[in-house]
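Engineer: Okay, here's the prediction I keep looking at, along with the sequence it came from:
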Amino acid sequence: MLRLPYSLRFVSGPMLKWEMWPIKKHANRWIILIAYLMGLSIGVHLLNLLTIPALVLIYYFRKYEVSKWGIAKALAIGIVILAALFFIHTPWNSCNRILVRICYLSMALD
């Protein structure tokens, strides 16, 4: 049985809940929850970045009339957001880890 990481479930669950929620005044609160959970879960594992194109497609299917070019544009936007976050987050995270190791080494030498 395929087991997804729990943080991936915590992000994809509200995505589907928002998609099923009727269009009301407070329905966009789910988007804020999704963004918050995504920020928390990316700190745990980068696999959650892969939910971004799915979120863009769900948003497209809910807000716009479906067409082949629309799907292609939504998927392209999702991939661009994914690439931007990956190239911003990963080098910063790697640099942070190197700095922490240097601090630990300097403390061990004292």
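Structural biologist: Looks like it arrived, so ask away. Residues are numbered from 1 along each chain as shown.

Engineer: can you pull the contacts of Ile81?
Structural biologist: 52-53, 56 (C-beta atoms under 8 Å, 6 or more residues apart in numbering). Yep, even glycine has a C-beta here, placed from its N, CA and C like the rest.

Engineer: Can you tell me which of the residues you listed lies closest to Trp18?
Structural biologist: Closest approach to Trp18 among those (C-beta to C-beta): Val56, at 12.9 Å.

Engineer: Kindly state the pLDDT recorded for the nearest residue to the closest one once chain neighbours are set aside?
Structural biologist: Distance criterion C-beta to C-beta, 6 or more residues apart in numbering; nearest residue to Val56, sequence neighbours excluded, is Gly78 at 3.5 Å. Note for Gly78: predicted pLDDT of 92.

Engineer: before we move on, what about Leu4?
Structural biologist: 56.

Engineer: where in the chain is pLDDT low?
Structural biologist: 1-6, 22, 89-110 (pLDDT under 70).

Engineer: make it 80
Structural biologist: For the chain, the stretches flagged by pLDDT under 80 are 1-10, 21-28, 41-47, 86-110.

Engineer: Show me where it has its helices.
Structural biologist: For the chain, helices defined by DSSP state H occupy the ranges 6-20, 29-44, 51-63, 68-109.

Engineer: Pull the shortest one out as CSV, backbone CA atoms only.
Structural biologist: Output of helix 51-63 as CSV, limited to C-alpha atoms (Å, rounded to 0.1, in the frame of the first residue of the first chain):
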residue,chain,number,x,y,z
THR,A,51,1.1,19.8,-4.9
ILE,A,52,1.5,23.3,-6.3
PRO,A,53,0.7,22.4,-9.9
ALA,A,54,-2.3,20.4,-8.7
LEU,A,55,-3.5,23.4,-6.7
VAL,A,56,-3.2,25.7,-9.7
LEU,A,57,-5.2,23.2,-11.8
ILE,A,58,-7.9,22.9,-9.2
TYR,A,59,-8.1,26.6,-9.0
TYR,A,60,-8.3,26.8,-12.8
PHE,A,61,-11.1,24.2,-13.1
ARG,A,62,-13.1,26.0,-10.4
LYS,A,63,-12.7,29.6,-11.6
